[in-house]
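Student: here is the input, now give the coordinates:
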Amino acid sequence: MVNDRPTVQAVIYDRENEKFLIIGKKHEKTGNIIWRLVKGGIEEGETDAEALRREISEEVGLKEIQIHDRLHRYMFNFANLRHLVASYFVEANMKEEVVLQGESADESPIVEYAWLTYRKTLKKLFWKNEKQAVKNSVLYL
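Tutor: Below you'll find the predicted structure:
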């Protein structure tokens, strides 16, 4: 039996500089950097917005954010869990310092981050559904 894991994902954008924030995680087996959006599970009793704020703060240290509408929904299976992902458009400010998370026992560490233009973000992101979430954000740009 597969359990559902509600998950939120942030398409983080800085309107003033017209750039998106993406993070690089080191793949455990290959050692390659996999570029992706900030994403994490929703804890019991949390709303999507609360989970987004917590995940963004934990992964990249940003606190001065504005959460807008949901951009995209998708699901995938991994580690006997069905991840139900809701992607949201989130505005941030490049002037706020990005502070990457440290090592954690259950997850690959974030080793890099980049603020990139729309085109460069789409080129760099690894996962198709994350690219789609960014493409859907053009309504807000």
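Student: in the sheet, who's paired with Tyr13?
Tutor: Beta-bridge pairing for Tyr13 (DSSP bridges): Phe20, Glu91.
Student: what sits against it?
Tutor: Lys19, Phe20, Leu21, Phe89, Val90, Glu91, Ala92, Ser137, Tyr140, Leu141 (C-beta atoms under 8 Å, 6 or more residues apart in numbering). For the C-beta atoms, the positions are set from N, CA and C on the backbone; glycine is no exception.
Student: same thing with Lys120?
Tutor: Applying C-beta under 8 Å, 6+ apart, no residues qualify as near Lys120.
Student: the same query, at a cut-off of 10 Å, please.
Tutor: By C-beta atoms under 10 Å, 6 or more residues apart in numbering, the contact set of Lys120 is Lys19, Phe20, Ile22, Ala114.
Student: need the pLDDT of it.
Tutor: We have a pLDDT of 98 for Lys120.
Student: circling back to that earlier point, can you say which of the contacts of Lys120 are buried?
Tutor: Lys19, Phe20, Ile22 (16 or more other C-beta atoms under 10 Å).
Student: report pLDDT for the closest residue to Asn77 other than its chain neighbours.
Tutor: Counting by C-beta to C-beta, 6 or more residues apart in numbering, Val2 is the residue found nearest to Asn77 once chain neighbours are left out, at 6.5 Å. Val2 carries a pLDDT value of 73.
Student: what about Val2, how many neighbours?
Tutor: For Val2, the number of neighbouring residues by other C-beta atoms under 10 Å comes to 8.
Student: roughly how far apart are it and Ser87?
Tutor: Counting by C-beta to C-beta, to the nearest Å, the gap from Val2 to Ser87 is 21 Å.
Student: got it, and Trp35?
Tutor: Taken as C-beta to C-beta, the span from Trp35 to Ser87 is 15 Å.
Student: neighbour count winner among these two?
Tutor: Shown here are Trp35 and Ser87; by other C-beta under 10 Å, Ser87 has more neighbours (25 against 20).
Student: all good on my end, thank you.
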